[in-house]
Every structure is written in structure tokens, then in C-alpha cells.
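[1] here is a sequence with its predicted model. Questions after.
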Amino acid sequence: MDAALKKQITKQLSDLSNEYKQFRAKSQYDDASDVISNTEVRRLKTQALSAIERSTGRNSVYYEQAQAVLNKKEHDYNHLASLIGIVDSANQDIQAGYLKSIEELIHGDVFTDFLEMAEHLVNSSYKDAAAVIAGSTLEAHIKHLCSKFHIPTDNNGKNKKTDTLNSELVKNNVYTKLDQKNVTAWLGLRNNAAHGDYHEYDKQQVRLLISSIRDFITRNPA
């Protein structure tokens with residue numbers, strides 16, 4: 001993770017945690033309910049959840065834990081105390097380098113959104129648009145993988161073809177030859193959709209395309 005970005009993220013988490021601990025220091029109760037107003041506790045809850053999502057991503061165990069806390073039938077002060085505990089845990093793990101980079105998390109969330117869009121389209125009988133979106137998501141992810149592993153995506157200013165990048169990623173042991181063959185097949189389906197060869201594939205193949213690309217991106221974060 002970029003050092004400046006890491007510093008910014010850990011500062012946000014620390015500031016939020018420190019603000020809560022300052023309230024706790026003035027309180028005679030563990031949940032600080034005698035010094036934090038109802039308005040303030042709701043603000044801090046919202047900021048804590050937002051900080052956890054920004055720093056670890058929606059697919060992280062930290063965010064899942066935060067949602068589990070909020071689903072418990074407890075008052076806001078207990079919710080806040082638990083959320084601050086998660087904030088501290090995430091902060092410590094980020095500083096220790098135990099989390100995936102924020103860039104990976106951002107890319108993962110963005111691509112998940114596009115694949116969900118493709119899934120919605122295919123379920124609404126727009127298989128061709130779904131195939132194009134899923135394939136374009138794969139192409140973008142391949143380029144991000146190249147950037148992550150310092151593989152040039154252009155040659156003298158001319159963009160390399162995705163098939164070429166696919167081969168170079170395998171040569172650099174980023175993923176396996178089996179993945180390479182699958183990526184080639186997925187790109188082929190995408191090209192059929194982009195060129196109007198809609199009879200070359202059916203709705204079920206597009207559904208499989210979307211789920212396969214989702215699995216590939218999960219196993220090979222960029």
C-alpha cells in the first residue's frame with residue numbers, strides 16, 4: 001500500500017477512536033452514555049461504520065462484524081463501543097500490513113458492482129449487454145493486474161491486446177495456464193457479443209461467464 005495513503009487511512013481511524021476514548025475518559029460508565037448525547041452517538045456510529053467500509057471494503061470480515069453488531073438488539077451506546085473496537089482492530093492490522101492493499105479492495109468493490117449490473121441484465125433477458133459488461137470488467141481487471149505486477153500495458157505508446165497481457169501475466173506466474181485458457185475463452189464470448197454474433201452463445205453461458213469472472217477476480221485481486 002502507498003505509504004501516504006496508509007498514513008491517511010490510519011489517521012482517520014485513530015482520530016475517530018481517540019475522540020471516543022476522550023468521551024470515555026470523562027465518563028463514569030463503560031459506554032460513556034452520561035457524556036455522549038443521543039445525537040453524538042448516532043454521528044459517531046455512522047462515522048465508525050463509514051471508516052470501516054472505506055478502510056477495509058464491504059467484503060471484509062471487519063465490515064461483516066460491524067453489520068453483525070448493528071443487527072444486535074442493543075442500544076446505540078453498546079453499538080458504538082463495539083464499532084470502535086472493530087475500528088481499532090482494523091487500524092492495527094492495516095499498520096501491521098496484514099490487510100490487502102486499499103487499491104485491491106477498491107478495485108474489487110468496483111468490479112463487483114459491474115458484475116452485479118451484468119447479472120441484473122442477464123436476468124432481465126439482456127444477455128448481450130451483460131456479456132459486454134462482464135467482458136469489459138475482465139479486461140479492466142487484467143490491466144490492473146499488469147499494473148500491480150509492473151507489467152507494461154503498452155509497447156511504444158500502443159496499447160497491448162488483452163490476449164497479450166494474459167500471456168504475460170502467466171509468464172510472470174501471476175496465475176496459471178488453466179486461468180489463461182479460461183480468460184481467453186471468456187474474452188472470446190465477450191468479442192462475440194461486441195461484434196453482434198449473438199447466436200454464438202446463450203443466456204446460461206453468460207451467467208456462467210459472470211460467475212467465473214467473479215471467481216477469477218476474487219482469487220487474483222488487483
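    Cool, the structure landed. Residues are numbered from 1 along each chain as shown.
[2] show me what stretch 16-28 is in contact with.
    Stretch 16-28 is touched from outside by 30, 32-36, 44, 47-48, 51, 80, 84, 87-88, 91, with contacts defined as Cβ atoms under 8 Å, 6 or more residues apart in numbering. C-beta coordinates here come from the backbone N, C-alpha and C atoms, glycine included.
[3] buried sites along it?
    16-17, 20, 23-24 (16 or more other Cβ atoms under 10 Å).
[4] again with stretch 125-138
    Those would be 126-128, 130-135, 137-138, for stretch 125-138 by 16+ other Cβ under 10 Å.
[5] pLDDT, secondary structure and distance to Lys177 for those residues - can I get that in JSON lines?
    Converted to JSON lines, the buried residues of stretch 125-138 look like this (pLDDT from 0 to 100; DSSP: H, G, I helix; E, B strand; the rest coil; distance: Cβ to Cβ, whole Å):
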{"residue": "Tyr126", "pLDDT": "87", "secondary structure": "coil", "distance to Lys177": "33"}
{"residue": "Lys127", "pLDDT": "91", "secondary structure": "helix", "distance to Lys177": "29"}
{"residue": "Asp128", "pLDDT": "91", "secondary structure": "helix", "distance to Lys177": "30"}
{"residue": "Ala130", "pLDDT": "89", "secondary structure": "helix", "distance to Lys177": "28"}
{"residue": "Ala131", "pLDDT": "92", "secondary structure": "helix", "distance to Lys177": "24"}
{"residue": "Val132", "pLDDT": "89", "secondary structure": "helix", "distance to Lys177": "26"}
{"residue": "Ile133", "pLDDT": "89", "secondary structure": "helix", "distance to Lys177": "27"}
{"residue": "Ala134", "pLDDT": "91", "secondary structure": "helix", "distance to Lys177": "22"}
{"residue": "Gly135", "pLDDT": "91", "secondary structure": "helix", "distance to Lys177": "21"}
{"residue": "Thr137", "pLDDT": "90", "secondary structure": "helix", "distance to Lys177": "22"}
{"residue": "Leu138", "pLDDT": "94", "secondary structure": "helix", "distance to Lys177": "17"}
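[6] any chance of those residues in a markdown table, plus distance to Ser211?
    A markdown table is the format used below for the buried residues of stretch 125-138 (distance: Cβ to Cβ, whole Å):
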| residue | distance to Ser211 |
| --- | --- |
| Tyr126 | 17 |
| Lys127 | 14 |
| Asp128 | 18 |
| Ala130 | 12 |
| Ala131 | 13 |
| Val132 | 17 |
| Ile133 | 14 |
| Ala134 | 10 |
| Gly135 | 14 |
| Thr137 | 13 |
| Leu138 | 12 |
